[in-house]
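Visitor: pasting the sequence and the predicted coordinates here, then a few questions.
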Amino acid sequence: MQRHRCSKQLGLAAALCLSTGIAVAGDPPIAIAEQAAIDYGAGAVFGDAVNQRFAQVFQVRGDGYITHLMVPVNCVTSPEPTLTVSIQTLDSLGRPSGTTLAVQRARGWRVDAVPGTVGEVGLRMIPFDRPARVQPGLYAFVLDAVGGTCQLWYGPQGDTYAAGEARLDARSRPFLRPWGTLLPRDLTFQVYWQGL
């Protein structure tokens, strides 16, 4: 009787994980999209206080889950913002569509990409409590800050990630190519994926 009840509870737990989209144990997540070089002299602030947010289009090559991102973002400012990171589908123009597959919020003090050594910036992990279920194709992650601003560092000038591009949303002009098509640029990032 005890063994039957235990196996029934395990079956219910597994069904709950599968039905809610939570990744289950298996192979560890791997970086499936990245542009890890940082231009320490180039960056910008984003958030509702400056009325802009950034996005990066990236490619997924298999069925699975987006478990977390690594980005060089510093949100330790005053007033302290809440960083919001979302995974979105794209519209017909290749811009974030507003259709959100996953969203994660983090208090500013948890996202400090400036480690203390002058001139150095590190990547910070943003794990998704509810990972985004994805299939092969193009997606975007969108960075925003509510209640203040965050600092973001870019990648080097040029097309350093061929499968996607950075976008800037200045609210009145949604998700433009901020550096134009002649001088492309990508954000610095790593997207981690776990297969089914």
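Guide: Right, received. Where do you want to start? In this text, all values refer to a predicted model and were calculated from it rather than measured experimentally.
Visitor: ok, residue 153 - contacts?
Guide: By Cβ atoms under 8 Å, 6 or more residues apart in numbering, residue 153 lies in contact with 38-40, 42-43, 72, 113, 121, 188. (C-beta placed from N, C-alpha, C; glycine too.)
Visitor: recalculate using a threshold of 10 Å.
Guide: Counting by Cβ atoms under 10 Å, 6 or more residues apart in numbering, residue 153 touches 38-44, 71-74, 113-114, 121-123, 187-188.
Visitor: filter those residues to the buried ones?
Guide: Neighbour counting by 16 or more other Cβ atoms under 10 Å classes 38-39, 43, 71-74, 113, 121, 123, 187-188 among these as buried.
Visitor: reformat those as CSV; add distance to residue 80.
Guide: Shown next, in CSV, are these (distance: Cβ to Cβ, whole Å):
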residue, distance to residue 80
38, 24
39, 26
43, 19
71, 18
72, 19
73, 14
74, 12
113, 15
121, 19
123, 21
187, 23
188, 23
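Visitor: just the residues you listed: which has the poorest pLDDT?
Guide: Lowest pLDDT of the buried ones among the contacts of residue 153: residue 113, 74.
Visitor: residue 126 is in contact with that one, correct?
Guide: No - under the criterion of Cβ atoms under 10 Å, residue 113 is not in contact with residue 126, lying 11.2 Å apart.
Visitor: list the residues that contact both of these two?
Guide: Contacts common to residue 113 and residue 126, judged by Cβ under 10 Å, 6+ apart, are 71, 73.
Visitor: phi and psi next, for residue 58.
Guide: Backbone torsions for residue 58, taken as degrees, to the nearest 10, come to phi -140, psi 160.
Visitor: isn't it right up against residue 192?
Guide: No - between residue 58 and residue 192 there is no contact under Cβ under 10 Å: 11.1 Å.
Visitor: any residues in contact with both of these two?
Guide: Common neighbours of residue 58 and residue 192 (Cβ under 10 Å, 6+ apart) are 32-34, 66, 69.
Visitor: tell me the two of those residues that are most distant?
Guide: With distances taken as Cβ to Cβ, the most widely separated pair in the shared contacts of residue 58 and residue 192 is 34 and 66, at 12.9 Å.
Visitor: now for these two: what residues contact both?
Guide: With Cβ under 10 Å, 6+ apart as the test, residue 34 and residue 66 both reach 58, 191-192.
Visitor: what is the nearest of the residues you listed to residue 85?
Guide: Of the shared contacts of residue 34 and residue 66, the one sitting nearest to residue 85 (Cβ to Cβ) turns out to be residue 191, at 10.9 Å.
Visitor: unless I misread the structure, that closest one falls within a strand.
Guide: Yes - secondary structure of residue 191 (DSSP: H, G, I helix; E, B strand; the rest coil): part of a strand.
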